[in-house]
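> just coords:
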Ligand code: SAH
């Protein structure tokens, strides 16, 4: 890979030091940061109010991350757009743009592939290729904003990859995304989803961020969770709940539980009762996701009416629950499926 330093992964303070060391004024670092993270410039050549000398020097010394569009799919049902982006090393990642009444939301990937191995998930079938750098996470959002011409107000880190398995880069990304000198997205409009890496969840609680943490729970007993998610071999539901309580205590932010409903596996009344017992003391919001079947596995969706019955049971017990709208049902549904179509056949 490129040996040059990745300038779009540098927070403003780092960029200032970097350019100061090269004899540039702090003012120029601010200008350049604005070009990269507010005006979303496609390269140094666009930074017309900087000297040609500085631009050429940057061209020589730094790598400028800019994703390429490999494919776009647009839903005819709800306008959702799925983007397949190309990275400098030839890898591809998926991002999704969703339009809601309250604003535009982007779902980004945090890794190329994933090593968590959740049984129902397409993103993990070929394992982890590599972590994404902060600039590669940011540019998924920047590219989409450039292409659609519309402001992104919400970001969810729920695409391919386990964000907590790429913790350092994730933190730089989150700080830059919500920096007032950059896109300045409100921390409250950012959600990070994890399959439950307990030590990282606790570490995140210490970061003094106001983002939403979503935990992919999917089962209410350790035994059943282990069948769906290998990570459950490492951390028990009890440890997860302790980490959630700690996060809530430290940040005051309520956790969201994600619960993918799999027909005949985790969608009974008894499962709902177990979920109520876990969600209630923590004041969690539950996001129910009807499982998106992938051809490599034989998991099926819950029978007609089961999803609503499950939701109503939670609501009656005082647990706020929503069913994830199946955005873009008509385009390569499940996470990771678009990317998989583009992988070289092994
Ligand atoms: N690694 C993170 C984020 C990526 S997945 C995590 O595990 O949370 C985002 C959510 O989609 C997770 O809750 C994941 O379990 C769920 N998911 C993945 N594949 C799915 C599928 N085929 N059907 C339903 N939900 C799925």
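Perfect, thanks for sending it. Please read all numbers here as calculations on a predicted model, not as lab measurements.

> Just the element for residue 18, please.
Secondary structure assigned from DSSP states H and E places residue 18 in helix 12-21.

> Now the next helix or strand after that helix: buried residues?
The element immediately downstream of helix 12-21 (helix or strand, assigned by DSSP H and E) is helix 26-37. Counting neighbours by 16 or more other C-beta atoms under 10 Å, one finds that the buried residues in helix 26-37 are 28, 29, 31, 32, 33, 34, 35, 36, 37. For every residue, glycine as well, the C-beta is placed using N, CA and C.

> filter the residues you listed down to the ones near the ligand?
Residues shared between the buried residues of helix 26-37 and the neighbourhood of the ligand: none [C-beta under 6 Å from any ligand atom].

> can you put these in a markdown table and add pLDDT?
Output for these, formatted as a markdown table (pLDDT from 0 to 100):
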| residue | pLDDT |
| --- | --- |
| 28 | 95 |
| 29 | 96 |
| 31 | 97 |
| 32 | 98 |
| 33 | 98 |
| 34 | 98 |
| 35 | 98 |
| 36 | 98 |
| 37 | 98 |
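
> Distance to residue 272 added to the residues you listed, as CSV?
Formatted as CSV, the entries for the buried residues of helix 26-37 read as follows, by distance: C-beta to C-beta, whole Å:
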residue, distance to residue 272
28, 58
29, 54
31, 55
32, 53
33, 49
34, 50
35, 51
36, 47
37, 44
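
> how does this protein divide up, domain by domain?
5-63, 68-345 (automatic domain parsing).

> among the ones you listed, which is the most enclosed?
Using mean count of other C-beta atoms under 10 Å, the stretch among the domains of the chain with the greatest mean number of neighbours is domain 68-345 (a mean of 18).

> Would that domain count as contacting the ligand?
Yes. With C-beta under 6 Å from any ligand atom as the measure, domain 68-345 is seen reaching the ligand through 116, 118, 120-121, 158, 162, 193-195, 216, 258, 260, 289, 291-292, 294, 334-335.

> Among these, which ones are in strands?
193, 194, 216, 258, 260, 289 (DSSP state E).

> Give me the below-cutoff pLDDT ranges for the stretch 201-346 of the chain.
Counting by pLDDT under 70, the stretch 201-346 of the chain contains low-confidence ranges at 326-327, 329, 332-335, 344-346.

> would you list every one of the strands in it?
With DSSP state E, counting those that start in this stretch applied, the stretch 201-346 of the chain shows strands at 212-216, 256-261, 285-290, 321-323, listed in chain order.

> Does anything pack onto the helix holding residue 18? Which helices or strands?
For helix 12-21, the helices and strands in contact under the criterion 3 or more C-beta pairs under 8 Å, 6 or more residues apart in numbering; DSSP states H and E are helix 26-37.

> How far away from the center of its chain is the helix it packs on?
26 Å (C-alpha atoms, centre = their mean, to the nearest Å).

> Tell me which residues are up against it.
Contacts with helix 26-37, where a contact means C-beta atoms under 8 Å, 6 or more residues apart in numbering, come from 7-8, 12, 15-16, 18-20, 41, 46-47, 49-50, 54, 58, 138, 142, 176, 179, 181-183.

> let's go with 6 Å and repeat that
Counting by C-beta atoms under 6 Å, 6 or more residues apart in numbering, helix 26-37 makes contact with 8, 12, 15, 16, 19, 41, 47, 181, 182, all of which sit outside it.

> Pick out the most distant pair among those residues.
Using C-beta to C-beta, the contacts of helix 26-37 span at most 18.1 Å, a distance reached by 16 and 41.

> residues contacting the most centrally placed residue in the chain?
Most central in the chain under C-alpha atoms, centre = their mean is residue 157, positioned 1.2 Å from the mean C-alpha point. Contacts for residue 157 were tallied using C-beta under 6 Å, 6+ apart; they are 108, 110, 163, 192.

> and with 7 Å instead?
Residue 157 is in contact with 108, 110, 163, 191, 192, 193, counting by C-beta atoms under 7 Å, 6 or more residues apart in numbering.

> beta partners of it?
Per DSSP bridges, the residues bridged to residue 157 are residue 192.

> For it, give its distance to residue 331.
Residue 157 is 21 Å from residue 331, where distance means C-beta to C-beta, to the nearest Å.

> And for residue 250?
Spatial separation of residue 250 from residue 331 under the definition C-beta to C-beta is 39 Å.

> Tell me where this protein has helices.
In the chain, helices defined by DSSP state H lie at 12-21, 26-37, 52-61, 134-148, 167-177, 198-205, 222-228, 237-251, 269-279, 306-316, 337-342, listed in chain order.

> With residue 78 as the reference, name the closest of those.
helix 134-148 (14.4 Å).

> mean confidence score for the helix holding residue 18?
For helix 12-21, mean pLDDT is 96.

> Contacts for that helix next, please.
When contacts are defined by C-beta under 7 Å, 6+ apart, helix 12-21 is touched by residues 10, 26, 28, 29, 32, 33, 179, 181.

> hang on, the earlier thing: any chance of JSON lines for the strands of the stretch 201-346 of the chain, columns distance to residue 102?
Listed next are the strands of the stretch 201-346 of the chain as JSON lines, based on distance: least, C-beta to C-beta, whole Å:
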{"stretch": "strand 212-216", "distance to residue 102": "14"}
{"stretch": "strand 256-261", "distance to residue 102": "16"}
{"stretch": "strand 285-290", "distance to residue 102": "16"}
{"stretch": "strand 321-323", "distance to residue 102": "13"}
